[in-house]
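Colleague: Following is a predicted model, sequence given first.
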Amino acid sequence: MNELEHLYFDDTGPGGFKSGMVPCTNYVDSRTGLSNDTLGRETAAQWIRTAFQQILKELADDFVTADVAAGIGGLDASIGFEMLRPENVGVAFNDSLFFFSFFITDKSSMADLIAMGTAMAIGACGGPQVPYRGGRIDATEAGPFGVCQPETDLKTTLSSLSGAGFNQADTIALTACGHTMGGVHHSTFPQIVGPEAVSPNNLDGRIAFDDTVGVNDINVVRQYLSGTGNRGGALVTTTNKTVQSDLRLYESDNNKTMERLSQSPEQFNSICASLIARMIDTVPNGVTLTPVLDPGNVKHAAILLNVDWSGKLTLSGFLRYIETAGSASAPESLDVTVINRDGILTANTVKAVGNLSTDTGNGVFGPTFPYPFTVDIPGKTGLGGIAVGSERFPLQDTLFVVPVLSSITPGLASYNIIDPDKLWTFNVTAAYRTFSTPSSLTATVKYQVPQPGNTSPRIDSSNTAQLALIGKTGPFSLYSAVLQYTLNSKQVFGSSIDIVDEGSGAKAEFFKLFSIMEFS
Ligand code: HEM
């Protein structure tokens, strides 16, 4: 299963991608790793701002100053290299990148996670579903300097964003779509918000954009136009004219765009969904984004394939059922039917019973329920996929990592995500459905490594080892390797292994090593 789909649709429990913004007003302080509701900060809002700043910054540097038509700019996480710049003042970017860094793997770049954070913060906090695609590539160096600050004059802001393909109405609407959650902080922008905003439960002194600070809604537009509530927030109401950047922008077309946005929540949502999608989909030349991640109704997740010494295969994992708009409510069970190696639907069917008491949904698409299943498969006929109702999901048994014959030590009992470096031993066994000896069967372990001067790590793919034949079972040959690395727990968490036979092209890609860690 696609890692981004997993993070977005399934990984929503404690420690999952969504955990930072539950509830939407939650704030996770990267300095302690803990929630803190006394500062007047909000993680969901920081995530949206990070994407924009990366883009406004990337919009301000790549995406804005650099010209999208020239293909230079876009969401590429170069902000990680630029934390010390004045334009990146405040903790928001550091907080966000620190949180996202736990989820960086070979298949999930920082830039994709920044974009996902925005889609989730908006979609799960009362806003629209923002179409989300993957495929962004992280920059390997800092980008040019940015320009969009509260002090920036209107002409410069508009021309910067127009270089990124956003006209004046787009720029006004995009800003209002972003400036509905969170607010402006005295601790970060004392020239905008005075010390009077500071209180025991608002130690950073936030003035919110509207009075629904944790909800992505039309309120900011309506309060701005009617002069009620927070009147659009401090970038409108500050008496320091130089930094009234929202007021300058909103008024620049005589409030026409704000009037249009205010007409209905549905209109606000649909304009925002399309502008935010355009914002996060702005990528440098040469980057091809995937199709929009489709929650579907039913998909498989956390699939593991084992083989025993008699050659019998066992497939286990779960289906997730999302009650997307207009779909039937989750049934008590779903039938999983094995498709054999030749692509033929077999009579081998098991019932996956839903755990309907646990909604694992990300709050964007609808209640989501897991249906665990296990099915035995004769090694002779093998596995080509599974069918669930009319849906077919391709799987393969040509080359795969065998979880029961693989291990990681030390185990979960001594694992803590903030543990420092220690020696890890990965004992990896793969089953290969061939009896001819491959010229070279290699295992590449990929894990994150820090980048000097950057909060965001990169993936190191340089650790490769040969696998050696250890036996045969049914139609499979078993190959194994023992790999040892000194890593911290965070590196182990996101590590994965690819097994490749270059000669035949057979591969088992992105097996997450953490998935086999046991209590020991
Ligand atoms: C057009 C020019 C813009 C300027 C000059 C600007 C400036 C600012 C400033 C000064 C803050 C206060 C940050 C703090 O005190 O921590 C802020 C907050 C925020 N901005 Fe913007 N912004 C702009 C557009 C946007 C856009 C287009 C989006 C997203 C689509 C966005 C999303 C946010 C969010 C979510 C916050 C709240 C952050 C928090 O509460 O931590 N901004 N912006």
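Modeller: Noted; the coordinates are in hand.
Colleague: What residues of stretch 505-518 count as buried?
Modeller: Residues of stretch 505-518 classed as buried by neighbour count (16 or more other C-beta atoms under 10 Å): Ala506, Lys507, Ala508, Phe511, Lys512, Leu513, Ile516, Met517. Placement of C-beta: from N, CA and C, glycine included.
Colleague: contacting residues for the residue nearest in space to the middle of the chain?
Modeller: In the chain, the centroid-proximal residue (C-alpha atoms, centre = their mean) is Leu113; its distance is 3.5 Å. Neighbour list for Leu113: Leu7, Phe17, Phe100, Phe103, Ile104 [criterion: C-beta atoms under 8 Å, 6 or more residues apart in numbering].
Colleague: so which of those are also by the ligand?
Modeller: Subset of the contacts of Leu113 in contact with the ligand: empty, counting by C-beta under 6 Å from any ligand atom.
Colleague: which of those residues lies closest to the ligand?
Modeller: Closest approach between those and the ligand, by C-beta to the nearest ligand atom: Phe100, at 15.3 Å.
Colleague: Restricting the selection to alpha carbons, write the strand or helix carrying that closest one to PDB.
Modeller: Assigned by DSSP states H and E, Phe100 belongs to helix 92-101. The C-alpha coordinates for helix 92-101 follow below in PDB (Å, rounded to 0.1, in the frame of the first residue of the first chain):
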ATOM      1  CA  ALA A  92       5.800  27.500  13.600                       C
ATOM      2  CA  PHE A  93       8.100  26.100  10.900                       C
ATOM      3  CA  ASN A  94      10.400  24.400  13.300                       C
ATOM      4  CA  ASP A  95       7.500  22.800  15.100                       C
ATOM      5  CA  SER A  96       5.900  21.600  11.900                       C
ATOM      6  CA  LEU A  97       9.100  20.200  10.300                       C
ATOM      7  CA  PHE A  98      10.100  18.500  13.500                       C
ATOM      8  CA  PHE A  99       6.700  16.800  13.700                       C
ATOM      9  CA  PHE A 100       6.700  15.800  10.000                       C
ATOM     10  CA  SER A 101      10.300  14.500  10.300                       C
END
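Colleague: just how off-centre is whatever helix or strand comes next after it within its chain?
Modeller: Next in sequence after helix 92-101, counting helices and strands by DSSP H and E, comes helix 110-123. Remark: helix 110-123 is offset 6 Å from the chain centroid, using C-alpha atoms, centre = their mean, to the nearest Å.
Colleague: and what of stretch 453-461?
Modeller: On C-alpha atoms, centre = their mean, the centre of stretch 453-461 falls 16 Å from that of its chain.
Colleague: cool, and stretch 109-116?
Modeller: When distances are taken as C-alpha atoms, centre = their mean, stretch 109-116 is centred 5 Å away from the chain's centroid.
Colleague: just to revisit the earlier point, now do the helix holding Phe100: which elements does it pack against?
Modeller: When contacts are defined as 3 or more C-beta pairs under 8 Å, 6 or more residues apart in numbering; DSSP states H and E, helix 92-101 sits against strand 28-29, helix 43-52, helix 110-123, strand 454-466.
Colleague: The ligand contacts on this structure?
Modeller: 41-42, 45-46, 48-49, 52, 56, 90, 92, 148-150, 157, 174-175, 177-179, 181-185, 188-189, 245.
Colleague: so how far is the first residue of stretch 39-48 from its last?
Modeller: By C-alpha to C-alpha, to the nearest Å, the extent of stretch 39-48 from end to end equals 18 Å.
Colleague: now what about that stretch, what contacts it?
Modeller: 20-21, 24-29, 91-93, 95-96, 99, 114, 117-118, 120-122, 124-125, 178, 181-183, 185, 197, 201-206, 213-214.
Colleague: Tell me the buried residues within those.
Modeller: Here, 16+ other C-beta under 10 Å leaves 20-21, 24-28, 91-93, 95-96, 99, 114, 117-118, 120-122, 124-125, 178, 181-183, 185, 197, 202-206, 213-214 buried among the contacts of stretch 39-48.
Colleague: give me the low-pLDDT residue ranges for the stretch 1-150 of the chain?
Modeller: When residues are selected by pLDDT under 70, those of the stretch 1-150 of the chain lie in 1, 55-73, 83-90, 144-147.
Colleague: Let's see that with 90 instead.
Modeller: 1-2, 10-16, 29-34, 50-95, 139-149 (pLDDT under 90).
Colleague: Likewise for the stretch 201-350 of the chain?
Modeller: When residues are selected by pLDDT under 90, those of the stretch 201-350 of the chain lie in 282-286, 294-297, 301-302, 309-310, 324-328.
Colleague: Quickly list the domain ranges of the protein.
Modeller: Domain ranges of the chain: 3-280, 298-395, 401-516, per automatic domain parsing.
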